[in-house]
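J.: Give me a 3D structure for the following:
(chains A and B)
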Amino acid sequence: VRSELHFDAVVIGAGTAGLVAATRLAEGGARVCVLAKGVGSTHLAPGTIDVLGHAPARVDEPGRAVGELVAAHPDHPYALLGVDAVGEALAWLAERIAAGPLPGYRYVGSLERNHLLPTAVGAVRPSALVPETMAGGDLRSDDPVCIVGTRVLRDFHGALCAANLAKAGIAARSVEVAIEVDRADANAVGLARRFDDPAWRASFAAQLAPLLQGDERVGLPATLGSKDPHGAWADLEQRLGRRVFEIPTLPPSVPGMRLFEVLRSSLRGAGGRLILGAAVASADRADGRVAAVNAHAAGRDVRYVAPSFVLATGGFASGAIELGSDWIARDTVLGLPLRGAPAPGEQRFVREYLAEQPMARVGVAVDAQLRAEGAENVLVAGAALPGAVPWRELSGEGIAVASGFRAASTILSQATAGATA
Amino acid sequence: MASLSTDVLVIGGGATGTGVAWDAALRGLEVVLVDRADLAEGTSGRFHGLLHSGGRYVVKDPRAAEECIAENRVLRAIAADCIEDTGGFFVSTPWDDPDFADRFAEGCRATGVDCEEVDPAQALREEPRLNPDVSRVFRVPDGNIEVWKTVWALARGAQARGARVLTYHAVIAIHRDGDEVTGARVRDAHSGEELDIEARVTVNASGAWAGQIADLAGIEGVRVLPGRGIMIAMNHRLVNTVVNRCTMPSDGDIIVPIRTVSVIGTTDEHTDDPDDHTVLQSEVDAMLDDGEKLVPGFRRARALRVWTGVRPLFEDAKAVDTDTRDVTRAHALLDHRERDGVGRFVTITGGKLTTFRLMAEETVDAVCRQLGEDRPCTTRTTPLVGSESGEHYRLSERLERKEEHLRDDQLICECEMIPRRTLEETMRRKATMNLDDIRRELRLGMGPCQGGFCIYRATGVLHGVDGLTAEEANGALLGFLQERWKGVWPILYGDQLRQARLDDWIFQGVLDVEHLPS
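T.: Numbering: from 1, shown residues only, chains lettered A, B, ... in the order given. Have a look, this model is predicted:
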């Protein structure tokens, strides 16, 4: 039996772009539903909101650099969004995080200056809006750092991180702390659960404190709690009597999962629905519009009908865009036309891993209002947009937040215009 | 300059060279083996992993077929742990000449290759993914052989008998004293230091590079015709039996299941440069099309990696430059005293992996003749290190081993199930700054994620174990990342492209390795 549900807007994809769009729509009074195959980008990404990190030289002032990027790359998503929209969306997101379910947890930063945060391998990574729990690692400060590693966490190597920071001219060293866990294969999520426990934290701090020297700040893998990360972080700062900061590990990303929880909670608080495990199987398309999408969830087929859709399904990494063995790229969700793909027979990738790959800028073709070509009531957001190289330029979250926000605003203003008319 | 002297200097650390070192060491000779890179980094490490039954050659090259089946039986006994007994099928697909099947069966009878015709329905029960339109099926004793395991077992066995193995030592000169070769000068690729090795006999076992080494000795006309072939590893065991097209040898005529993957091979293009690793788009497409003929739906599987190997085909009078497959797969042993009047120098080239032991035996026989010593070969009956029990490798072994340490050791490479302690021990022993050296021994990064998760972890472990500087650690990380990408980018599509983007997320998005301090 097939049932049918009606919404004002249906968002496809539960990464940053989709959740931002849906939350904003729900706050604007729209009845909104998010359909997603599973969780998205948040669980992989470091949890920072990067706007622009490399262009290709290191970006110190992301707001200004976005302006310059837009002038040189009119096809870039930022060119469609404009730098003011990015700033507005970031401010909105920072408010949601501060008002979210994690007490005291907040993001700091703006488009004025990038933070320069150490990565787990000890590279210096620029980012605009970052968790307060990471901000203490900002390498614009000369204060010496001590990176803390632990053998149980194979996804973070403190000594390697410190060695590279030292090479970059930062006063950095590392120490190892032995942590007893049930299983050798502890990951960041497992460790974060331990940091939620005040007694465990106290014994960890007692073990670490004598290893620290002078006025060092302390870099730890980003595992400082999942339920109350602000509390865990503040408690450690107090117990150690010095600045403490988190460094993102390999996935799963604890800070990213916190961001997911914040957005999910905001969405629900505003009355929106989120259905995970509901992959869109097909779409009903007619007259240049999508009338409904069909998804299979909780053992039944459901037709989701809405006047507007947001396609926030990501690019190749999520499987939303796929390159076939015939070398043709396709949108696997709605079958919409793409832009930016090299034609079959043209070079798709190049020999040098770190060079720009010709296939990298592929996305769903859109107009200046983010409307999908061939489906005027579908707005595209996030990594599904063409024209960016998010990993190389460190722009993924900035694009996701700003385009998700913009897509929602467009739908809300259309609804208002429709109601007025 | 440092120098050392030995009975036998072996140039080349592939299966043949390590086989010669093992054979000579067993006969009580002092051996030094040198290679410009790591063991099995040339042709030996770049094939599909087939242990030939000989079936492939029964019509085209009966002598090669006879050698293969004889050596197949020997290797099953002495290198059991390196071999998985998958068995093999030769199948007539709708694209194959139906008359060839009878010639094939007759060829097997004539050459002694064990062969049993199987009802296609039975073959499909055993291999359900096989093309249901196959008309004839023959069962032969093909298998797969893990080349790195084999080569390291040979090297360790030789080392245990006093042999010295110098990897990353390139030959820069061959020393001549009149009409005799007296040894070679090698250069350490890492330190740049040079070393003179004086040898009673020098063996040129450098395969596709044998002509270059012979040139250094001032011997002309050793022409090895490099034949370049591409192979593609598909994730999963699409078949569990080696599947061959029952036809004259041609491109894309075999799928070899080995470890967790299936390898399709191969092409054969003449190249002038044995270091030519070109992969053409047209070759990839042709290989995927050929896969479809044997296993319908082949293209929908995930293509993990593509690589090229260069066959060392010794040129004979009948060779035609444009089709190297017409050159015999049998090997060539050149005693340069007889051939060129230059003593104490022997070249062994051509052949195929399955016959490496025979090649080594004949080579060391020639060495003994040059030395005027009577030392009988014992490799035919001496098991390799690790193969003493005579039990073949089973795919489930690694799970069994992992279960023993499930709770007390981390997995660093989850795809290939490499525990941290194993990795640390190997890193200590090899004292290398290169993760690719570790890969060839432990299969690090060879699974579906192609290093996405293990490269950072392994670099961190290597940094700790070997006390590397940041610069060296970054070199290991970036070098391995590039090495993995090399075999991935020409075949990226479907889920493997998805995987590659996830790996980008890790290396570029999370770690920002492009901006490590330099």
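
J.: and the nearest residue to B:Thr469 once chain neighbours are set aside, what is it in contact with?
T.: Among residues not flanking B:Thr469 along the chain, A:Ala163 sits closest, at 7.1 Å (Cβ to Cβ, 6 or more residues apart in numbering or on different chains). All C-beta atoms are positioned from the backbone trio N, CA, C, and that covers glycine. Contact analysis of A:Ala163 by Cβ atoms under 8 Å, 6 or more residues apart in numbering or on different chains lists A:122, A:172, A:174, B:463, B:469-470, B:473.

J.: Quick one: residues contacting A:Ser325.
T.: Contacts of A:Ser325 by Cβ under 8 Å, 6+ apart are B:288, B:299-300, B:303, B:493-494.

J.: What about the residues you listed, which are in helices?
T.: By the criterion of DSSP state H, membership of the contacts of A:Ser325 in helices covers B:288, B:494.

J.: Against chain A, which of the contacts of A:Ser325 make the cut? List them.
T.: Restricting the contacts of A:Ser325 to those near chain A by Cβ under 8 Å from any Cβ of the partner chain leaves B:288, B:299-300, B:303, B:493-494.

J.: Now do the strands in the stretch 151-300 of chain B.
T.: B:164-166, B:169-177, B:180-188, B:194-204, B:224-235, B:242-245, B:254-258, B:261-265, B:269-270 (DSSP state E, counting those that start in this stretch).

J.: Ok, which of those comes nearest chain A?
T.: Distance to chain A, taken as Cβ to the nearest Cβ, is lowest for strand B:224-235 among the strands of the stretch 151-300 of chain B, at 11.1 Å.

J.: In the helix or strand harbouring A:Val189, which residues are buried?
T.: Element membership for A:Val189, per DSSP states H and E: helix A:188-195. Neighbour counts over helix A:188-195 (16 or more other Cβ atoms under 10 Å in any protein chain shown) mark A:188-192, A:194-195 as buried.

J.: In a markdown table: those, plus pLDDT and distance to A:Ala85.
T.: Listed next are the buried residues of helix A:188-195 as a markdown table, based on pLDDT from 0 to 100; distance: Cβ to Cβ, whole Å:
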| residue | pLDDT | distance to A:Ala85 |
| --- | --- | --- |
| A:Ala188 | 94 | 33 |
| A:Val189 | 94 | 34 |
| A:Gly190 | 92 | 39 |
| A:Leu191 | 94 | 37 |
| A:Ala192 | 95 | 33 |
| A:Arg194 | 93 | 40 |
| A:Phe195 | 95 | 36 |
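
J.: Could I get those in a markdown table, plus columns for distance to chain B?
T.: Formatted as a markdown table, the buried residues of helix A:188-195 follow (distance: Cβ to the nearest Cβ, whole Å):
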| residue | distance to chain B |
| --- | --- |
| A:Ala188 | 12 |
| A:Val189 | 15 |
| A:Gly190 | 12 |
| A:Leu191 | 13 |
| A:Ala192 | 16 |
| A:Arg194 | 17 |
| A:Phe195 | 20 |
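
J.: and those residues as TSV, adding distance to A:Met257?
T.: TSV is the format used below for these (distance: Cβ to Cβ, whole Å):
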residue	distance to A:Met257
A:Ala188	9
A:Val189	7
A:Gly190	12
A:Leu191	13
A:Ala192	8
A:Arg194	15
A:Phe195	13
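
J.: about what we covered before: most surrounded residue in the contacts of A:Ser325?
T.: B:Ala303 (26 neighbours; other Cβ atoms under 10 Å in any protein chain shown).

J.: Give me the nearest residue to it, chain neighbours excluded.
T.: B:Ile491 (4.4 Å).

J.: Could you list the low-confidence segments of chain A?
T.: Counting by pLDDT under 70, the low-confidence segments of chain A come to A:1, A:184-185, A:419-421.

J.: Spatially, what comes nearest to the residue in it that chain B sits nearest to if we skip its sequence neighbours?
T.: Closest residue of chain A to chain B, Cβ to the nearest Cβ: A:His157 (2.7 Å). Nearest in space to A:His157, with sequence neighbours left out and distances taken as Cβ to Cβ, 6+ apart, is B:Gly460 at 2.7 Å.

J.: Could you do A:Ala408 as well?
T.: A:Arg24 (3.6 Å).

J.: can you count the residues close to that neighbour?
T.: 28.

J.: tell me which element it falls in.
T.: With DSSP H and E as the criterion, the answer for A:Arg24 is helix A:16-27.

J.: and that helix, what does it pack onto?
T.: When contacts are defined as 3 or more Cβ pairs under 8 Å, 6 or more residues apart in numbering or on different chains; DSSP states H and E, helix A:16-27 packs onto strand A:9-12, strand A:32-36, helix A:83-98, helix A:254-269, strand A:308-311, helix A:396-420.

J.: Show the contacting residues for B:Gly460.
T.: Residues in contact with B:Gly460 (Cβ under 8 Å, 6+ apart) are A:154, A:156-157, A:159-160.
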